[in-house]
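[1] this is the structure alone, sequence omitted:
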């Protein structure tokens, strides 16, 4: 599955992302977080309000954050 890369101008990266799984092995980054717990909390909200959509939490360091 190919993930899109997003660049941030901030000094601190947000490596935890929620992605929405789309047809044809595509995905869309919905939000990014500093820690996994915040991502899990937001994922619970998304699953409650958009139950037909598929979401996953991924660890993905933004480009240029090294």
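    Cool, the structure landed. From a predicted model like this one, the values you see are computed outputs, not experimental measurements.
[2] how many residues are close by residue 52?
    Residue 52 is flanked by 4 other residues according to other Cβ atoms under 10 Å. (Glycine included, C-beta is placed from N, CA and C.)
[3] could you list the low-pLDDT ranges of the protein?
    1-12, 62-66 (pLDDT under 70).
[4] can you pull out the helices in it?
    Ranges of helices in the chain, per DSSP state H, are 36-49.
[5] show me the strands in it, by range?
    For the chain, the strands defined by DSSP state E occupy 16-22, 26-33, 54-59.
[6] tell me who's in contact with the residue nearest to residue 54 when sequence neighbours are not counted.
    Sequence neighbours aside, residue 21 is the residue nearest to residue 54 in space, at 4.1 Å (criterion: Cβ to Cβ, 6 or more residues apart in numbering). Neighbouring residues of residue 21 by Cβ atoms under 8 Å, 6 or more residues apart in numbering: 27, 53-56.
[7] who's residue 21 bridged to?
    Counting by DSSP bridges, residue 21 is bridged to residue 27, residue 54.
[8] rewinding a little: return the closest of the contacts of residue 21 with respect to residue 45.
    Nearest to residue 45 among those, counting by Cβ to Cβ, is residue 55 at 10.2 Å.
[9] how far away is that closest one from residue 18?
    In this view, residue 55 and residue 18 are 6 Å apart by Cβ to Cβ, to the nearest Å.
[10] these two: which is more packed in?
    The neighbour comparison of residue 55 against residue 18 (other Cβ under 10 Å) goes to residue 18, with 21 against 18.
[11] OK, contacts around that one?
    29-33, 39, 42-43, 46, 55-58.
[12] mind doing that once more with 7 Å?
    30-31, 39, 42-43, 46, 55, 57 (Cβ atoms under 7 Å, 6 or more residues apart in numbering).
[13] residues shared between the contacts of residue 55 and residue 18?
    Common neighbours of residue 55 and residue 18 (Cβ under 7 Å, 6+ apart) are 30, 43, 46.
[14] surely the second one and residue 58 touch.
    It stands for residue 43. No - between residue 43 and residue 58 there is no contact under Cβ atoms under 7 Å: 11.1 Å.
[15] so between these two, which is more surrounded?
    Using other Cβ under 10 Å, the more surrounded residue of residue 43 and residue 58 is residue 43, with 17 against 14.
[16] thank you, goodbye.
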